[in-house]
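Novice: Sequence plus predicted model, see below.
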Amino acid sequence: MPDCQVKRCLAFKLLTVGVVDLNETMEMKKETGMLQILDIDGNYRKELEPDISEELLLRMYRAMATVRKFEEISMGLQRQGRIGFYIGAAGQEACSVGSTAALHRDDWIFPAYREPGALLIRGETVLQLFHQLFGDSMDYNRGRQMPNHFNSREKNVVTPSSPIATQIPHAVGMAIAAKHMKKKQIALTFFGDGATSENDFHSGMNFAGVFRAPVIFLCQNNGYAISLPTVRQTASETLAQKADAYGMPSERVDGNDVLAVYSATMRAAERARKGQGPTLIEALTYRIGPHSSSDDPTKYRKNEEVDEWRKKDPIKRMSAYLKRKRLIDDESDRKLIEDIENEIRSSAKKAESTPKPAIESVFENVYLELTWNLREELDEAVQRYGPGYTGK
Amino acid sequence: MPDCQVKRCLAFKLLTVGVVDLNETMEMKKETGMLQILDIDGNYRKELEPDISEELLLRMYRAMATVRKFEEISMGLQRQGRIGFYIGAAGQEACSVGSTAALHRDDWIFPAYREPGALLIRGETVLQLFHQLFGDSMDYNRGRQMPNHFNSREKNVVTPSSPIATQIPHAVGMAIAAKHMKKKQIALTFFGDGATSENDFHSGMNFAGVFRAPVIFLCQNNGYAISLPTVRQTASETLAQKADAYGMPSERVDGNDVLAVYSATMRAAERARKGQGPTLIEALTYRIGPHSSSDDPTKYRKNEEVDEWRKKDPIKRMSAYLKRKRLIDDESDRKLIEDIENEIRSSAKKAESTPKPAIESVFENVYLELTWNLREELDEAVQRYGPGYTGK
Amino acid sequence: MTVRTLLQSVTDAMKTEMENDERVVVLGEDVGRDGGVFRATEGLLDRFGVERVMDTPLNESGIIGVATGMALYGLRPIAEIQFMDFIYPAFDQIVSELSKIRYRSGGTYTAPVVVRTPFGGGIKGGLYHSQSSEAYFAHTAGLKVVAPSTPYDAKGLLISSIRDEDPVIFLEPKRLYRTVREEVPDGAYTVPIGKAKIAREGKDVSLISYGAMVRTCLEAAEAAAKNGISVEVIDLRTLSPLDIETIISSVQKTGRAVIANEAPKFGSFAAEVAALIAEKAIDSLGAPVLRVSGLDTPVTYIWESAYIPDVQRVLSYINRSVSY
Amino acid sequence: MTVRTLLQSVTDAMKTEMENDERVVVLGEDVGRDGGVFRATEGLLDRFGVERVMDTPLNESGIIGVATGMALYGLRPIAEIQFMDFIYPAFDQIVSELSKIRYRSGGTYTAPVVVRTPFGGGIKGGLYHSQSSEAYFAHTAGLKVVAPSTPYDAKGLLISSIRDEDPVIFLEPKRLYRTVREEVPDGAYTVPIGKAKIAREGKDVSLISYGAMVRTCLEAAEAAAKNGISVEVIDLRTLSPLDIETIISSVQKTGRAVIANEAPKFGSFAAEVAALIAEKAIDSLGAPVLRVSGLDTPVTYIWESAYIPDVQRVLSYINRSVSY
Ligand SMILES: Cc1ncc(C[n+]2csc(CCOP(=O)(O)OP(=O)(O)O)c2C)c(N)n1
Ligand SMILES: Cc1ncc(C[n+]2csc(CCOP(=O)(O)OP(=O)(O)O)c2C)c(N)n1
Ligand SMILES: [Mg+2]
Ligand SMILES: [Mg+2]
């Protein structure tokens, strides 16, 4: 067995015979070999600092702060029963914002459900996000999906679905197609640690390797798939090393460090554009909140662990960095957050009072055109609810 | 990127932009880091020679020679239309025989379709194999499967199916179950290079890693999945390195060297029995014949390549080895082959004249008991064909 | 006897059989410490330990494939798929392997796995947390398909499924998980697979249903009774093997049939029921065989109410049938 | 016009559309140098090069998932699945993704992929090379399902499928690949999706079928004619969206319906056709709606002849219907 391989097998001592006592494993895998540029106090490694314009840095910060506030307010709306569900990204904001900021505007994004940041950094409005949460008639999805399935053709963000990992081969296909068409566009897909176990991770990674697709696989390793810690998800020590099985390079970065995420994505994008193929990026991060509004995380993780991760907060780090660079100060920071909050509250109101999609819409977009059976069903529904009915 | 990883990425020069010119890639991946004990002239590395009894060595040789002859004769039967199909193992005999010989008799085997050798080394009769090919009433599968889907509960060989790789998670589940029941049995599953792309390879390997299942994954890398060379199957340089993604050790062996296969399996089995979990073995081999009786290999590979591999023939090597050890000589060798041929020819005759399963059998074993709809269909069939009808 | 919800009955059935039979194990995503996303396996880990209550990686084909291997060895695995909408990555393992092992091995190997999964709408889950795709499984020879609608039946049928020698797809109507409650015996008892139940007797029209729709049908029957229409409600309980006798004798009595389910209408399981009636009871029929089903669309998040047939919609089909 | 087999028509359709439209690409296992295991893609690699005829790794979900991504970008991928029996690893990508992208994105994204796959028995392929699982796909909203039975239709329908804006499951009756031959126009033409064909006019009974069974039905109709029974044979050609008008008006004319297919009977697509007849043509029916189908078993290698309905079996159902 080659030496480098033995080293990279999971230290098996963690595992008892056959199955694991969860008490032992309620810990994330070690943060080994991880690139960090910005530390938890806002210190940064000058020599590695990516070259980002001040304007973009400020936009990135705003996007990250917006994600956080958006979640706080939306979770409140959910508890009040005004939206049906919420699945948050608090603690993971650097991943989606840092990576998307490093791409070209017309590169394609295949998100999962924790990436409102990717849309915001591309200029999507908070109002549009709320249209999705409320599923109203201005929602691009026309009210068909649960909250947090943000889609925007205009922003080159492709409609996500709920099944885990299915977007991965789509990103690969898109990237191959762009190359066929001699376009310079690349694709980036987000997914979680749990998703690496799914079949579509395997399919997508393998096809990308073989066809040398210009695609970036951005795995947000937040340590859990609902209740399951990563150590139970796979016996490999890192997720990054899975790239090796597909003949693909990988990087492991601090996912709470927006500069590290940005620079790793930039490198991967350059490789992709140069025809050097795909890259897997493992971003180590943590979700501070529950898996979703239906989840009770105290069943499977300790509060101390959450506290430990709160210290590594990506937004605080970004804020400290910007202050060090004198791009913001306490006052402007406070003002910004206030601003964001106002925008969010007024957008929520607006979306909430937007009418729902009319009953006829239910039958559209199954196919390009209505089939006879859909028309039969539409007629029955319209007869019952009345034409143009949008709910009470 | 760790250095060892870069080295293990596929030499991308093989690939043109996006897709590959097959002319360039009609070559197998390099035979790097491969364990060989017995070379193509029958020389062997004494210090690595496994400790196999003379009796077992002779049985192994007989099993391998039987596989070869069985195929020659069966392919003939196929061409005469006396059996419907054949999918051969010529060139790969060392893999199934060498590995199975290293296991205990009650360890479980999950074969694909190129492992009649696994059954033969466990004492299955040639006649029983023919019952399967002819699908007659003595076939354990009761005539329900295409040829070469050899099954034997009595020999702890589990019924294979045709979809590629589906047996892999079964082997893992079996191994976990045995451990749960505190039994010392382990499981070994065979599959090809192409199978490593399938989802069930990913599922099975990952579950095995996480649950530390006592299972051996034996990949017969014969360089092709029907027409597709391994270099188009995956961009990873070796298949062995895929183990790394699952926190599992692996070995790469010369699959035409029965001693190497035996000793690697022995090591993996010991690890499994000691509770050290699964192992992936990549055995480099080659199928000398077509993919199956329906295949025309000249469409995708060069004759010179086949000739090159004929020189590495596993049976010739075994024979040379046994001669060197004076366990056989030219005369006894010739006699053995004659013996085998006689057994095969007489068994084929016997199976061919065995009646087919009766019409009623068609409806059995869908469930433990006949359901009303099956009974309705059975009644209709019996009315048409007559009770106990076995075909004309 | 204890008053139990359908969900509690499911948990209790597993607990009961795990106590009775060491070979019974549970595996799936989040079934351990978390107790399952619907809490169906709550308490099992503490009681039976990690060797019998196995949290698995996020991979449905692995769950079913590994469960199959365990069953080949002699265990009795209960595999949980978190939502029926997520069963498809395991589809190959289910239709190519689980359902066919007994047959293709000539009966030498069997894999008695129970696949438990919540199905149907009612939780505002949109197009990926509301599906009723039972037709795919009922059409697959070698599988049994069970779908209870009461706590009593849920426990008795799940115990039967665990003891069954064939693989069973056990569909749990998630919108009834916590909304129905009844006295359920403690300890083991069985309800036979393959037997429908007359949930309400009637004489004017046979209303045939299963899963959560049975509740809706009973309410619709109640409402119809006020208009002097006597509806016989049949709870199929098992889709495969189907209890054809109960269906046909009811239709022969009433002369009318409405089939209610929430799967997309086109090609759903209701079609098989209708086809059997059109084959075996044609002379008794006084009206078209009607189906009141889900829409031929994915399930819309915001318009779930228009998707799943409600009492009013079922009633309108009853009326169409009896007024024909 | 050239005399072509059904297989040659399939190849010709792809070639024609690849010449007409740069966006059309082909991908699948062994479709390149090997020309496909049935030789359906023979010659395409040489003609269109490796960028448009892509040999893929052995992974069906990858084939469909990657094709879907390509289609999202604007290509028109034709994905080949080697046998319908091997489509299930891609089932999730087909039913959760391909079929639902248009809907869930509110129409902002579409994925017009054609999934070509040979289906049905007739090559002694046993339980994994003979399946007819079209019911799974016809029941899936968002998919179109097409199944030609003649070389002319195969080419015209495949061209229509490639040009269609929705995903199409294109089922090729493998036992007719090389056994039927007819004059087929050169160059592009289309046969509309969603339109059935009266393959033979008749007045006593409607015999409704698709795929390879259409040939058997025509032979059975011929034989029945000798006994003075006039059989109308309908070749559905498209299963979804179904041509309900042709079916209903035929049954209204003949008063009798027999549906013939080779999938396992229980829950098969024939049930949907029967159910629609029982709903929409009940008053015309003079006999039970009968289905002559495959058995409710996997396909047995050695007894394929008892599995797939042959002329004699179809005839016996025609007789049962007309003598009722
Ligand atoms: C195929 C499938 N199986 C199960 C689920 C239920 N589920 C939703 S999220 C989730 C965990 C995902 O974990 P991970 O990939 O780590 O992403 P995270 O939620 O941590 O961001 C599961 C199991 C699903 N959505 N799809
Ligand atoms: C799921 C599935 N897809 C496709 C096939 C068709 N098929 C049969 S064998 C084969 C190639 C298998 O290659 P490999 O795993 O390398 O095994 P080998 O035949 O070389 O021993 C293919 C594609 C199949 N049997 N199952
Ligand atoms: Mg996670
Ligand atoms: Mg191979």
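Specialist: Great, that's in hand. Every value quoted in this text rests on a predicted model; they were computed, and no experiment measured them. Ligands and ions are numbered 1, 2, ... in the order given.
Novice: Could you double-check that A:A269 lies in contact with A:A102?
Specialist: Yes. Between A:A269 and A:A102 there is a contact under C-beta atoms under 8 Å: 6.2 Å. For the C-beta atoms, the positions are set from N, CA and C on the backbone; glycine is no exception.
Novice: Can I get stretch A:276-288 in PDB, CA atoms only?
Specialist: The C-alpha trace of stretch A:276-288 is given here as PDB (Å, rounded to 0.1, in the frame of the first residue of the first chain):
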ATOM      1  CA  GLN A 276      -7.500  21.900 -17.100                       C
ATOM      2  CA  GLY A 277     -10.800  20.500 -16.000                       C
ATOM      3  CA  PRO A 278     -12.700  20.200 -12.700                       C
ATOM      4  CA  THR A 279     -11.800  20.900  -9.100                       C
ATOM      5  CA  LEU A 280     -13.300  19.800  -5.800                       C
ATOM      6  CA  ILE A 281     -13.300  22.400  -3.100                       C
ATOM      7  CA  GLU A 282     -14.100  21.200   0.500                       C
ATOM      8  CA  ALA A 283     -15.000  24.200   2.600                       C
ATOM      9  CA  LEU A 284     -15.100  23.500   6.300                       C
ATOM     10  CA  THR A 285     -18.000  25.300   7.900                       C
ATOM     11  CA  TYR A 286     -20.800  24.900  10.300                       C
ATOM     12  CA  ARG A 287     -24.500  25.700  10.400                       C
ATOM     13  CA  ILE A 288     -25.300  27.600  13.500                       C
END
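Novice: So A:A269 and A:A102 - more neighbours on which side?
Specialist: A:A102 (24 against 20; other C-beta atoms under 10 Å in any protein chain shown).
Novice: Neighbours of the closest residue to A:T230 other than its chain neighbours, how many?
Specialist: Nearest-residue entry for A:T230: A:D193, 4.8 Å, with adjacent residues in sequence omitted and distances by C-beta to C-beta, 6 or more residues apart in numbering or on different chains. A:D193: 25 surrounding residues under other C-beta under 10 Å.
Novice: And A:K323, by the same measure?
Specialist: For A:K323, the neighbour count with other C-beta under 10 Å is 15.
Novice: isn't it right next to A:D329, touching?
Specialist: Yes. Counting by C-beta under 8 Å, A:D329 is a contact partner of A:K323 at 6.5 Å.
Novice: Domains in chain C, by residue range?
Specialist: Here the domain assignment for chain C is C:2-184, C:197-322, based on automatic domain parsing.
Novice: Among those domains, single out whichever gets nearest to D:E232.
Specialist: Proximity to D:E232 (C-beta to C-beta) singles out domain C:197-322 among the domains of chain C, at 18.5 Å.
Novice: Endpoint to endpoint, that closest one covers what distance?
Specialist: By C-alpha to C-alpha, to the nearest Å, the extent of domain C:197-322 from end to end equals 22 Å.
Novice: cool, and stretch C:161-180?
Specialist: Terminal residues of stretch C:161-180 lie 21 Å apart, using C-alpha to C-alpha.
Novice: Next: stretch A:352-360.
Specialist: The straight-line separation of the ends of stretch A:352-360 (C-alpha to C-alpha) is 21 Å.
Novice: what comes into contact with it?
Specialist: With C-beta atoms under 8 Å, 6 or more residues apart in numbering or on different chains as the test, stretch A:352-360 has contacts from A:82, A:130-131, A:134-139, A:142-143, A:378, A:381-382, A:385-391, C:302-303, C:306.
Novice: Go again with 6 Å.
Specialist: With C-beta atoms under 6 Å, 6 or more residues apart in numbering or on different chains as the test, stretch A:352-360 has contacts from A:134, A:136-138, A:142-143, A:381, A:385, A:388-391, C:302.
Novice: what does stretch C:235-251 give?
Specialist: Taking C-beta under 6 Å, 6+ apart as the rule, stretch C:235-251 contacts B:371-372, C:134, C:138, C:144-146, C:149, C:153, C:193-197, C:199, C:206, C:210, C:214, C:232, C:234, C:257, C:269, C:277, C:280-281, C:284.
Novice: Can I get it in PDB? Just the C-alpha atoms.
Specialist: What follows is stretch C:235-251, C-alpha atoms only, in PDB (Å, rounded to 0.1, in the frame of the first residue of the first chain):
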ATOM      1  CA  ASP C 235     -60.000   0.600   2.600                       C
ATOM      2  CA  LEU C 236     -57.800  -1.500   0.400                       C
ATOM      3  CA  ARG C 237     -55.000  -1.600   3.100                       C
ATOM      4  CA  THR C 238     -52.900  -3.700   0.700                       C
ATOM      5  CA  LEU C 239     -52.300  -2.700  -2.900                       C
ATOM      6  CA  SER C 240     -50.400  -5.800  -3.900                       C
ATOM      7  CA  PRO C 241     -51.600  -8.500  -3.600                       C
ATOM      8  CA  LEU C 242     -54.900  -6.800  -4.000                       C
ATOM      9  CA  ASP C 243     -58.100  -8.100  -2.400                       C
ATOM     10  CA  ILE C 244     -60.000  -8.500  -5.600                       C
ATOM     11  CA  GLU C 245     -62.900 -10.300  -4.000                       C
ATOM     12  CA  THR C 246     -63.900  -7.500  -1.600                       C
ATOM     13  CA  ILE C 247     -63.800  -5.000  -4.500                       C
ATOM     14  CA  ILE C 248     -65.800  -7.100  -6.900                       C
ATOM     15  CA  SER C 249     -68.400  -8.200  -4.500                       C
ATOM     16  CA  SER C 250     -69.000  -4.600  -3.400                       C
ATOM     17  CA  VAL C 251     -69.300  -3.300  -6.900                       C
END
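Novice: Thank you, goodbye.
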